[in-house]
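Trainee: Below are the sequence and a predicted model for it; my questions follow.
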Amino acid sequence: MIDAWANADDAGVATAAARAGADVVRALHGRALARVDKGAGDFATQADVDAEKAIVDIIRAARPADAVLGEEGGHQGAPGAVREWLVDPLCGTLNYAVGTREVAVNVALRDGAAAVADPFTGEILVTDGAAAWTSRDGVEVPSVPTSTGRLVDVNLDPPFPNAPRFRAVDLLAHPGFIERFRPRVVSTTLALAWVAAGRRAAYVTDGGDLTRSVHFAAGIAVCRAAGCVVTGIDGAPVGPTGRGLVAAADEETHGLLMSMIHGRDPRGG
């Protein structure tokens with residue numbers, strides 16, 4: 001079955017790999033799993049490790065010349081490979097370890113196709129680098145971002161490299177934010193992909209160059225392909241010199257959030 005993906009396009013490989021990882025995550029949910037201490041309070045579970053192996057096995061079979069950077073296994077493949085896959089087999093490990101289901105499986109070809117899987121709904125949000133869609137039970141539906149739900153996810157997980165200029169908690173307390181939006185804190189990049197799918201108005205997080213992050217690359221790719229407005233918290237393009245991330249369903253939402261982040265009154269007062 002793994003060999004069958006050798007003839008698939010990159011979006012097909014990303015989808016198959018994300019689905020394989022999601023199958024492992026779902027199957028092991030609720031079990032008492034061994035933990036791997038990563039220091040500073042961070043850890044991986046056996047589900048992280050096993051899901052990454054399932055993902056990498058598919059990528060290796062389908063694209064043997066490509067390199068892979070995995071959250072758990074590090075860099076694999078030729079150091080000089082032109083193409084590199086970024087793999088986060090279980091984003092939301094803390095959620096998962098306590099038995100909740102707000103987690104994502106992220107697979108992205110750098111500057112190319114990507115997939116974000118929800119192990120518990122069976123949905124996979126996919127991009128081929130040009131378009132974005134949601135795949136579930138063999139049905140594909142184009143991604144249509146919308147801000148009508150008013151829900152904005154704000155990531156409060158450290159590190160906070162742009163403090164004190166930007167503090168996510170300050171955004172949550174901004175009067176304009178309270179008036180216009182309703183905050184959510186999912187603490188997994190699944191919420192980033194939800195912006196592309198129209199389930200969140202925006203997603204905001206601190207950070208550096210998140211396009212090269214195994215956690216964020218897939219969600220950023222899906223949001224861009226869906227037509228979301230994607231910048232750093234400074235309004236500049238995300239990338240090597242980027243600062244954090246604001247992914248919004250539309251220009252109005254993005255503009256409002258940027259005004260709040262930079263201390264301006266979005267109401268023009």
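Mentor: Sure, I can see it. Residues are numbered from 1 along each chain as shown.

Trainee: switch to C-alpha atoms for all contacts and neighbour counts from now on
Mentor: Fine.

Trainee: Show me what the biggest strand by length in the chain packs onto, helices and strands only.
Mentor: Secondary structure of the chain read by DSSP state E shows that its longest strand is strand 84-91. Packing partners of strand 84-91 (3 or more CA pairs under 8 Å, 6 or more residues apart in numbering; DSSP states H and E): helix 10-28, helix 46-62, strand 67-70, strand 104-109.

Trainee: by contact count, what packs against the next helix or strand after the last one?
Mentor: Later in the chain than strand 104-109, the nearest helix or strand by DSSP states H and E is strand 114-117. Strand 114-117 makes packing contacts with helix 10-28, strand 104-109, strand 124-127, helix 190-197, helix 217-226 when contacts are defined by 3+ CA pairs under 8 Å, 6+ apart.

Trainee: let's go with 10 Å and repeat that
Mentor: On a contact count with 3 or more CA pairs under 10 Å, 6 or more residues apart in numbering; DSSP states H and E, strand 114-117 meets helix 10-28, strand 84-91, strand 104-109, strand 124-127, strand 132-136, helix 190-197, helix 217-226.

Trainee: What is the helix or strand of the chain with the lowest mean pLDDT packed up against?
Mentor: For the chain, the helix or strand with the lowest mean confidence is strand 35-39, at a mean of 81 (criterion: mean pLDDT, DSSP states H and E). The helices and strands touching strand 35-39, judged by 3+ CA pairs under 10 Å, 6+ apart, are strand 42-45, helix 46-62.

Trainee: Report the angle between it and helix 46-62.
Mentor: 90 degrees (axes from the mean of the first three to the mean of the last three CA atoms, to 10 degrees).

Trainee: quick one: contacts for the residue nearest to residue 17 when sequence neighbours are not counted?
Mentor: The shortest distance from residue 17 to any non-neighbouring residue, by CA to CA, 6 or more residues apart in numbering, is to residue 55 (4.6 Å). Residues in contact with residue 55 (CA atoms under 10 Å, 6 or more residues apart in numbering) are 13-22, 24, 70, 87-89, 105-107.

Trainee: and what of residue 180?
Mentor: Contacts of residue 180 by CA under 10 Å, 6+ apart are 150-151, 253, 256-257, 266.

Trainee: What about it? Give its phi and psi, please.
Mentor: phi -100, psi -30 (degrees, to the nearest 10).

Trainee: gap between it and residue 80?
Mentor: According to CA to CA, to the nearest Å, residue 180 and residue 80 sit 48 Å apart.

Trainee: Many thanks, we can stop here.
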